[in-house]
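Participant: Quick one: sequence plus predicted model below, questions after.
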Amino acid sequence: MKRVRSNWQGAVLVCGKCQKKLKGGFGPKRKNSLTKELRAHCGLAKGRKGRLGIVEVKCLDICPKKAVVALNTNHSGVWQIIEPGSDMEHVTAALGIDCQAEPGS
């Protein structure tokens, strides 16, 4: 079995089905997905090179109306239901993401 190293300190799982139903809803013009806005807000690189993985998964089976389900794998006991237009500072705080952390810390 082979191993591949990542620089992730954790991962945030975002429901892709919820995002698709909303057709955006996040960012200044409310046209971006939650995944894209979280990466941009925290300045994260895509893929294994970022310090935190923001991963869109197929479906988390919660299916709220007009919202997206997300969870931080470091705090997997609490799932967040995030409404479109939510302030990214509040979203990152609710998910337990520290966007100010330096890479490698």
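Facilitator: Great, that's in hand.

Participant: hey, let's count contacts and neighbours off CA atoms from now on
Facilitator: Will do.

Participant: all helices for the protein, in order.
Facilitator: Secondary structure of the chain, counting by DSSP state H: helices at 16-22, 34-42, 88-95.

Participant: Serialize the ones you listed to a markdown table and add fields for mean pLDDT.
Facilitator: Below are the helices of the chain laid out as a markdown table (pLDDT from 0 to 100):
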| stretch | mean pLDDT |
| --- | --- |
| helix 16-22 | 94 |
| helix 34-42 | 94 |
| helix 88-95 | 95 |
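
Participant: Would you convert these into JSON lines that also reports mean neighbour count and distance to Asn7?
Facilitator: Shown next, in JSON lines, are the helices of the chain (neighbours: other Cα atoms under 10 Å; distance: least, Cα to Cα, whole Å):
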{"stretch": "helix 16-22", "mean neighbour count": "18", "distance to Asn7": "23"}
{"stretch": "helix 34-42", "mean neighbour count": "19", "distance to Asn7": "15"}
{"stretch": "helix 88-95", "mean neighbour count": "15", "distance to Asn7": "19"}
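
Participant: So, low pLDDT: which residues of the chain?
Facilitator: For the chain, residues meeting the criterion pLDDT under 70 lie at 101-105.

Participant: As a check, name the ranges of all strands in it.
Facilitator: Ranges of strands in the chain, per DSSP state E, are 11-15, 53-57, 68-72, 79-82.

Participant: and of these, who's closest to Leu44?
Facilitator: Minimum separation from Leu44 across those (Cα to Cα) falls at strand 53-57, 8.2 Å.

Participant: What helices and strands are in contact with that closest one?
Facilitator: strand 11-15, helix 34-42 (3 or more Cα pairs under 8 Å, 6 or more residues apart in numbering; DSSP states H and E).

Participant: Fine by me, thanks again.
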